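Colleague: Sequence and predicted model, in that order:
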Amino acid sequence: MSVINILSPHVADLIAAGEVVERPASVVKELVENAIDAGARNITVEIRSGGMHSIRVTDDGCGMSPEDAGIAFLRHATSKLRDERGLECIGTLGFRGEALAAISAVSHVELITRERGAETGTRVLLTAGEIDEMGPAGCPEGTSLCVRDLFYNTPARQKFMKSDRAEGQACVNAALRCALGHPEVSVRMRREGEEVFFTPGDGQAKSAVYALLGRDNAANLLECAGEGEGVGVRGFVSAPHAGRGNRAMQFFFLNGRAFRSATLQAAVEQAYKNTLLTGRFPACVLYLTLHPGKVDVNVHPTKSEVRFSEEKKVFDAVYSTVRAALEERDGPHTAEIRLSASTQRVAAAPRQDFFRQMTASEFREQPPAPKAAPAPAGVQTRLDLSPRPAAAPLILRDDGAAYGASHLVPRPEIPRVPAAPRPVETAPAAPAPAPPEETPEETPPWRVIGEALDTYILVETGETLLLIDKHACHERILFDALQAGLGPRMRQTLLAPLTWSPGAEDTELLEQNSALLAEAGFEIERFGEDGVIVRAVPADAQGSEIALLEELCDALRSGRPEDRRETLCHTIACKAAIKAGSRSDPAELEALAAKVISGEVRYCPHGRPVSVKLTKAELDRQFKRIV
């Protein structure tokens with residue numbers, strides 16, 4: 001007796017419907033995409049009871065003839081493909097001919113449609129995929145399709161539906177993605193008779209983003225555009241300070257199709273590396289254009305995923321476009337200080353455009369502040385990992401000998417002698433040239449006022465007061481130098497090698513990462529089962545090498561293997577940077593401030609802003625000078 005059964009067409013349709021129609025949101029997505037493929041310029045979506053009671057999608061597209069309306073609900077009936085060659089270059093959102101058949105199999109459907117130029121329309125009623133009634137009807141050009149009692153004949157599926165509110169929100173999100181991907185189409189969404197959103201359909205992505213994501217979210221987006229090796233990328237990405245707690249605000253569109261992609265998520269987040277706080281994610285709305293022949297959209301039942309033939313090129317195009325948008329932002333990022341709730345309600349005063357106009361080269365052309373005698377020729381340029389006394393402040397050097405980048409180096413202590421009374425008459429000396437008269441052009445556009453709490457640098461620029469976290473700023477400078485120039489030049493061999501017994505686990509960890517540690521300047525050998533011999537350390541790390549190794553072990557143990565090089569740079573930079581609470585030299589403060597104002601330093605390696613700003617207008621409001 002045969003144990004293999006041939007399923008009836010009805011059961012087969014129910015099974016097929018389960019792959020395409022997972023929930024009411026699936027119906028909204030399929031119907032709106034059909035309307036877009038039909039050339040609609042205005043689409044209205046209406047749902048009731050989370051879409052379980054009814055879903056109606058109305059459009060002004062091309063409509064259907066009576067003949068097409070009669071066969072549109074058959075399985076694999078489509079107007080978008082003719083043969084297998086069409087699968088190689090799909091340019092429409094739909095193509096399988098499964099959606100209408102799957103939807104009608106698990107609901108009651110009413111279709112009212114009229115072809116453009118036709119005198120009358122057509123009305124079709126279906127139950128469980130079978131036509132109950134079909135005839136002429138009066139209606140405007142376009143199509144109106146209503147789905148009622150979804151899953152009425154599949155109680156098992158109904159049990160897994162969420163609340164009406166949750167399902168309704170999923171329907172809204174599905175319509176939102178379609179509207180966001182096609183700003184040239186006006187989409188109106190209604191839930192329980194109330195309008196949820198409306199897009200103008202003016203073809204401007206900005207308008208759609210503003211209407212769908214809200215004013216506050218749109219205000220934090222940066223426009224980006226780029227192209228590389230046949231991949232076009234345009235859209236919007238969030239400013240680094242506007243990171244979010246999840247990836248829900250990441251939208252990707254390929255040739256108008258909304259899709260999910262771990263590859264593109266990784267590309268975007270890689271571009272934000274070291275600018276976002278840990279656990280925060282960027283928001284983005286990115287539109288990709290790619291030849292349809294270089295992408296396969298037929299890899300997922302709901303077409304929510306795609307496969308690229310040249311994935312690395314797509315990754316590189318997205319990464320470079322987003323990275324360029326972040327780097328081209330005018331001036332350093334500064335978080336604004338919010339002094340009170342009332343401040344937020346007052347219109348912001350005009351702000352100085354100083355950060356946009358000045359460049360690092362222009363700053364270097366300004367007259368230098370008086371400085372001490374230059375360092376002797378024998379002083380080595382290197383990272384200083386040891387505690388810094390107040391007498392050895394840091395200054396900036398444009399010396400490529402150490403890391404190939406500008407960085408902070410120790411300034412030697414200048415011997416001082418007690419001042420003695422000087423007679424009025426002095427020995428003849430060559431007259432010193434008179435200092436040039438100070439002119440308004442020579443006045444620098446910013447000045448360091450001082451240091452607050454031995455932690456924050458106060459800088460006045462125009463009508464803005466800038467507060468800079470000196471530790472975060474210095475840490476970023478060192479981190480970038482380490483990233484650019486890890487190598488043997490940082491190494492200093494110890495006269496007396498150190499032995500350290502961190503335990504078997506940490507010893508194994510150090511041995512596994514010995515090559516990486518060698519890049520950073522360490523020379524470590526295993527010594528017994530649970531010990532190591534330290535023969536060389538990064539330059540100027542004497543006295544703190546064991547503490548640094550302990551921190552490195554903690555960081556390497558908790559980090560991912562692929563991130564260990566960066567973790568190493570993080571740890572060394574943090575250990576080496578000047579500490580909050582220690583007094584700094586005025587020249588050092590100016591050097592750090594110049595790095596921030598020139599835009600070279602915006603965020604610390606952990607993604608925190610290095611500066612905040614307070615405008616004169618905000619201060620005036622606090623003192624009631626402005627009402």
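Modeller: Now that the structure is in, tell me what you want to look at.

Colleague: distance of the nearest residue to residue 538 once chain neighbours are set aside from residue 502?
Modeller: By the measure of Cβ to Cβ, 6 or more residues apart in numbering, the closest residue to residue 538 outside its immediate chain neighbours is residue 521, 3.6 Å from it. No exception for glycine: its C-beta is placed from N, CA and C like everyone else's. Applying Cβ to Cβ, to the nearest Å, the value for residue 521 to residue 502 is 19 Å.

Colleague: what's the pLDDT at the most centrally placed residue in the chain?
Modeller: For the chain, residue 282 is the residue whose C-alpha lies nearest the centre (Cα atoms, centre = their mean; 3.0 Å). We have a pLDDT of 93 for residue 282.

Colleague: What degree of burial does the residue nearest to residue 538 show, as a neighbour count?
Modeller: Counted with other Cβ atoms under 10 Å, the neighbours of residue 521 add up to 23.

Colleague: In this model residue 285 seems to touch residue 264, though I could be wrong.
Modeller: No: using Cβ atoms under 8 Å, residue 264 is not in contact with residue 285, being 11.9 Å away.

Colleague: Determine the set of other helices and strands touching the strand or helix carrying residue 612.
Modeller: Applying DSSP states H and E as the criterion places residue 612 in strand 611-615. Contacts defined by 3 or more Cβ pairs under 8 Å, 6 or more residues apart in numbering; DSSP states H and E place strand 611-615 against strand 335-336, strand 464-469.

Colleague: Now do it against strand 464-469, angle only.
Modeller: Here the directions of strand 611-615 and strand 464-469 differ by 160 degrees (axes from the mean of the first three to the mean of the last three Cα atoms, to 10 degrees).

Colleague: what's the burial count for the closest residue to residue 137 other than its chain neighbours?
Modeller: Distances taken as Cβ to Cβ, 6+ apart place residue 123 nearest to residue 137, at 3.8 Å, with adjacent residues excluded. When neighbours are counted by other Cβ under 10 Å, residue 123 registers 20.

Colleague: just residue 495 next, same as before
Modeller: Residues lying near residue 495 (other Cβ under 10 Å) number 6.

Colleague: that's a strand at it, yeah?
Modeller: Yes: counting by DSSP: H, G, I helix; E, B strand; the rest coil, residue 495 is part of a strand.

Colleague: Any stretches of the stretch 501-627 of the chain with poor pLDDT?
Modeller: 539-544, 558-563, 627 (pLDDT under 70).

Colleague: Please apply the same query to the stretch 351-500 of the chain.
Modeller: In the stretch 351-500 of the chain, residues with pLDDT under 70: 351-444, 485-490.

Colleague: mind running it again at 80?
Modeller: The stretch 351-500 of the chain contains residues with pLDDT under 80 at 351-444, 482-492.

Colleague: quick revisit: any idea which helix or strand comes after the strand holding residue 612?
Modeller: Scanning forward in sequence from strand 611-615 by DSSP H and E, the next helix or strand is helix 616-622.

Colleague: and that next one, what does it pack onto?
Modeller: Looks like helix 616-622 contacts helix 341-345, strand 464-469 (3+ Cβ pairs under 8 Å, 6+ apart).

Colleague: Can I get the helix or strand that comes right after the longest one as PDB, trimmed to CA atoms?
Modeller: Tracing the chain past strand 464-469, the next element assigned as helix or strand by DSSP H and E is helix 470-485. Taking only C-alpha atoms (Å, rounded to 0.1, in the frame of the first residue of the first chain), the coordinates of helix 470-485 have been written out as PDB:
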ATOM      1  CA  LYS A 470      41.900  66.900  26.900                       C
ATOM      2  CA  HIS A 471      42.200  63.200  27.800                       C
ATOM      3  CA  ALA A 472      39.800  62.200  25.100                       C
ATOM      4  CA  CYS A 473      41.500  64.400  22.600                       C
ATOM      5  CA  HIS A 474      45.000  63.200  23.400                       C
ATOM      6  CA  GLU A 475      43.800  59.600  23.500                       C
ATOM      7  CA  ARG A 476      42.400  59.900  19.900                       C
ATOM      8  CA  ILE A 477      45.700  61.400  18.700                       C
ATOM      9  CA  LEU A 478      47.700  58.600  20.100                       C
ATOM     10  CA  PHE A 479      45.200  56.000  18.900                       C
ATOM     11  CA  ASP A 480      45.400  57.200  15.300                       C
ATOM     12  CA  ALA A 481      49.200  57.300  15.500                       C
ATOM     13  CA  LEU A 482      49.200  53.700  16.800                       C
ATOM     14  CA  GLN A 483      46.800  52.600  14.100                       C
ATOM     15  CA  ALA A 484      49.000  54.100  11.400                       C
ATOM     16  CA  GLY A 485      52.400  53.100  12.700                       C
END
